[in-house]
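> Show me the folded form of this:
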Amino acid sequence: MLKPVLALILPALLAACGGLPPSTATLSVHDFGPLEAVAPEQVGFPLRGVEVVPAPWLASNAMVYRLVHAQPTRRQAFKENRWAAQPAQLVELVLKRALQPGGMASPAGGCRLRVDLDEFYQRFDSALTSRGMIEARVALLAPRVDQALAVRAFSLDHEAPTPDAAGGVLALRAATLQLDRDIRVWLRGLEGAPGAGVRGRCGA
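The predicted structure is shown next:
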């Protein structure tokens, strides 16, 4: 009698187990967290807007890293960690909160600030050390056209406090805030640069 009973029970148990949802790891979603209050800074010429454009390999929410000490040419992504938005969107939010249009311009005037984000990743130089890396090209564009009045390349890195995804978030947050400060210093220098003519070209 035992064998027939087991033959009936076993399929039922298997069916019940098959109906359970698969076990999944918890996904952690990151942004830059609360940012310190900053006074919006006016540049001395009309600035119509700020746009951050990602390279094709950055057009996702993946948190990318490189094991430079082992596989320097391979881009990898943390499986259980994601950005809350694409990196370019996070960077753009930081830039816009601190950079305020200044001066007076005609309705069609005002220069635009374009930031091409080429790299945004965590670099592991060893199993125990990593850094947040940002590579960006910034251009001040004339009104109504895409003519660059001034361009500047920025390369920033910041040491991560821990060699993991959470440490990479803090390192890239710090590097982004440094990029914001460096861009504002650059723009202030353009305003007073002899022969630059930024104020007139931007419609002031």
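> Any chance you could list what contacts the host helix or strand of K79?
Following DSSP states H and E, one finds K79 within strand 71-83. Outside of strand 71-83, the residues within contact range by C-beta atoms under 8 Å, 6 or more residues apart in numbering are 25-31, 57, 61-67, 90, 121, 165. C-beta here means a position set from N, CA and C on the backbone, and glycine is covered the same way.
> Run a quick check on D31 versus A85, I expect a contact.
Yes. Contact status for D31 versus A85: in contact at 7.2 Å, counting by C-beta atoms under 8 Å.
> who are the neighbours in contact with A165?
Neighbour list for A165: S28, H30, M63, Y65, F78, E80, N81, Q122 [criterion: C-beta under 8 Å, 6+ apart].
> Can you tell me the closest non-neighbouring residue to it?
Across the structure, with C-beta to C-beta, 6 or more residues apart in numbering as the measure, the residue nearest A165 apart from its sequence neighbours is N81 (4.1 Å).
> can you pull the pLDDT of that neighbour?
The score at N81 is 97. That number is its pLDDT.
> Output the contacting helices and strands for the one helix or strand V94 maps to.
Counting by DSSP H and E, the secondary-structure element that holds V94 is helix 87-98. Packing partners of helix 87-98 (3 or more C-beta pairs under 8 Å, 6 or more residues apart in numbering; DSSP states H and E): strand 47-54, strand 111-124, helix 165-192.
> didn't R152 look like it was pressed against R184?
No. Here R152 lies out of contact with R184, judged by C-beta under 8 Å, at a distance of 11.9 Å.
> any idea which residue sits dead centre in this protein?
Within the chain, one residue has its C-alpha closest to the average C-alpha position: by C-alpha atoms, centre = their mean, that is P87, at 2.5 Å.
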